[in-house]
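Visitor: structure for this input, please:
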Amino acid sequence: MLLLQFSTSHYCRKARLALGYKKIAYQVENLTPGLHILKLKPITGLTTVPVLLPQQEGEPEAIADSTHIFQYLETYQNDPPLILPNTTQQTEAWLLEDWLDESIGTATRFVYYHFRAGEGKSIDPSLFSQLVINVVRRQYKITPANVKLASDRLKTAMNVLSSWQKQPYLVSDRLSVADLAAAALLSPLALIPDYRQTYPWLFERIAAIHEICGEKLPPGL
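Guide: So this is what the prediction gives:
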């Protein structure tokens, strides 16, 4: 299998966690932002990563979107399972995964790139790094006003996910799609000191889930 990705994308990290959890051998191809469209559009009709290419006879040519990759991997290899046996709990896990994917992952992006353009510039002050950061900020229209809204969303997220302080998994007594989504989509916050200091339990869980999945820890951890 081949995973088409941006190396720094937290949505691509989400797909890697699932592949690692299921112990499926795969390779990655890191695409160049902007030029990636030329490769992805003919394959998926979309312009976003991650995209998984099974590269096997009888399998789909390409699976786009991290959530669809979760669903595909469960049909491709259901052991170890990502789907909980209790239907009600699995519904809760999918709801959390969708909320994290559609809302909190975006909020993380806004807060993270705002930080990297300001207080966090020293992490990598190189011209290329700052150029990429400014391109992302323009692309997503990241402004102080919507960063404030994103910060408020992340505060809500910490309250919703606070059960991680007392139990290893968000739903039920085993890992689910909700845990993988949270561990990946909140991981960029590890480089922001305020979050590390205020929510140490969050990063303990993120590190633990990366260990379970055999995935390299995100920067800052």
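Visitor: domains of this structure?
Guide: 2-76, 87-213 (automatic domain parsing).
Visitor: let's have these in CSV, adding distance to L221 and mean neighbour count.
Guide: (C-beta placed from N, C-alpha, C; glycine too.) Below are these laid out as CSV (distance: least, Cβ to Cβ, whole Å; neighbours: other Cβ atoms under 10 Å):
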stretch, distance to L221, mean neighbour count
domain 2-76, 12, 17
domain 87-213, 5, 17
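Visitor: nearest to P219, out of those?
Guide: domain 87-213 (5.7 Å; Cβ to Cβ).
Visitor: and the closest one, how far apart are its ends?
Guide: 24 Å (Cα to Cα, to the nearest Å).
Visitor: over to stretch 181-200?
Guide: Terminal residues of stretch 181-200 lie 18 Å apart, using Cα to Cα.
Visitor: any residues touching it, and which ones?
Guide: 10-11, 13-14, 16-17, 66, 96-97, 100-101, 104-105, 108-109, 111-112, 115-116, 120, 123, 154, 157-158, 161, 164, 170, 202-203, 205-206, 209-210, 218-221 (Cβ atoms under 8 Å, 6 or more residues apart in numbering).
Visitor: I'd like the mean pLDDT over it, please.
Guide: Mean pLDDT, computed over stretch 181-200, is 98.
Visitor: pLDDT weak spots in this protein?
Guide: The chain contains no residues with pLDDT under 70.
Visitor: which residues in it form helices?
Guide: Assigned by DSSP state H, the helices in the chain fall at 10-21, 36-44, 66-76, 87-99, 105-117, 127-139, 144-160, 177-185, 193-198, 200-213.
Visitor: so which elements touch the longest one?
Guide: Under the contact definition 3 or more Cβ pairs under 8 Å, 6 or more residues apart in numbering; DSSP states H and E, helix 144-160 sits against helix 105-117.
Visitor: name the residues that touch the helix it packs on?
Guide: 10-11, 123-124, 130, 133-134, 136-137, 140, 142, 144, 146-147, 149-151, 153-154, 157, 181, 185-186, 188-189, 191-192.
Visitor: chain neighbours aside, what residue packs nearest to A25?
Guide: Spatial nearest neighbour of A25, excluding adjacent residues (Cβ to Cβ, 6 or more residues apart in numbering): M1 at 7.1 Å.
Visitor: for that neighbour, give its distance to P42.
Guide: M1 sits 19 Å away from P42, going by Cβ to Cβ, to the nearest Å.
Visitor: do the same with I192
Guide: Counting by Cβ to Cβ, the gap from I192 to P42 is 37 Å.
Visitor: rewinding a little: enumerate every residue touching the residue nearest to A25.
Guide: Listed by Cβ under 8 Å, 6+ apart, the contact partners of M1 are L19, I24, A25, Y26, Q27, L52, L53, P54, Q55, Q56.
Visitor: and the nearest residue to the fourth one once chain neighbours are set aside, how close does it get to E29?
Guide: I take that to be Y26. In space, and not counting its chain neighbours, Y26 is closest to M1: 4.0 Å by Cβ to Cβ, 6+ apart. Distance check for M1 against E29: by Cβ to Cβ, it reads 11 Å.
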